[in-house]
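Participant: give me a 3D structure for the following:
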Amino acid sequence: MKKSAGYWVGEPGEPDERKLARIFQAELGQLEAMRGFVELVAAELGASETAAHDAALATDEATCNLIEHGYRREGGPIEICVERVGGDLLIRIRDRAPRFDPTVYPAPDLTVPLEQRKPGGFGIYLMKQVMDEVVYRPMPDGRNELLLVRRSAFTSEGA
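Facilitator: Numbering: from 1, shown residues only. Next up is the predicted model:
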């Protein structure tokens, strides 16, 4: 298995309470590395293939929006922490871009014909579809945190 590049956050503790984090630069060229990091660490922690893939997809959507709209392609740090808590897979995405809560962004109207739809909003919609919970919170130090949660993400072999 390929070794993940990152750093353990705090004490590794019990096998079901591990988390690994890595800081990336907010550049479109880093999206593949971010997706790969999430998918690889989730698999290393024992997540099912589907849960690891969905978490990587949601991370891709969140970080692409962050690079494009949060940092406006001017760069900045994006910290991604992949964590196992019991049977749940948590992805924490932290940044220093201007505050924006994607959880209050309205869902696209899927009844409108495709050619009449306003562009945008589908990434946030997709995140909410593949994850069980999407939570935004402003942090006391001025950073933003987006928490992506996939419940019951671990296979019986990895639990």
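
Participant: hey, C-alpha coordinates of the longest helix along the chain in PDB?
Facilitator: In the chain, assigned by DSSP state H, the helix with the most residues is helix 49-65. Extracted in PDB, the C-alpha atoms of helix 49-65 (Å, rounded to 0.1, in the frame of the first residue of the first chain):
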ATOM      1  CA  GLU A  49     -14.100   1.800  -1.000                       C
ATOM      2  CA  THR A  50     -17.400   3.700  -1.600                       C
ATOM      3  CA  ALA A  51     -17.100   5.800   1.500                       C
ATOM      4  CA  ALA A  52     -13.500   6.700   0.700                       C
ATOM      5  CA  HIS A  53     -14.400   7.600  -2.900                       C
ATOM      6  CA  ASP A  54     -17.400   9.700  -1.900                       C
ATOM      7  CA  ALA A  55     -15.300  11.600   0.700                       C
ATOM      8  CA  ALA A  56     -12.700  12.300  -1.900                       C
ATOM      9  CA  LEU A  57     -15.400  13.600  -4.300                       C
ATOM     10  CA  ALA A  58     -16.900  15.800  -1.700                       C
ATOM     11  CA  THR A  59     -13.500  17.100  -0.700                       C
ATOM     12  CA  ASP A  60     -12.700  17.900  -4.400                       C
ATOM     13  CA  GLU A  61     -15.900  19.900  -4.700                       C
ATOM     14  CA  ALA A  62     -15.300  21.800  -1.500                       C
ATOM     15  CA  THR A  63     -11.700  22.600  -2.200                       C
ATOM     16  CA  CYS A  64     -12.400  23.600  -5.800                       C
ATOM     17  CA  ASN A  65     -15.000  26.000  -4.600                       C
END
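
Participant: chain neighbours aside, what residue packs nearest to residue 102?
Facilitator: Nearest residue to residue 102, sequence neighbours excluded (C-beta to C-beta, 6 or more residues apart in numbering): residue 124, at 4.8 Å. Bear in mind the C-beta positions are built from the backbone N, C-alpha and C, glycine included.

Participant: still on that earlier bit, just checking, what packs against the longest helix of the chain?
Facilitator: helix 31-44, strand 77-85, strand 88-95, helix 122-130, strand 144-150 (3 or more C-beta pairs under 8 Å, 6 or more residues apart in numbering; DSSP states H and E).

Participant: give me the mean pLDDT for the longest one.
Facilitator: Put plainly, it is helix 31-44. Model confidence over helix 31-44, given as mean pLDDT, is 96.
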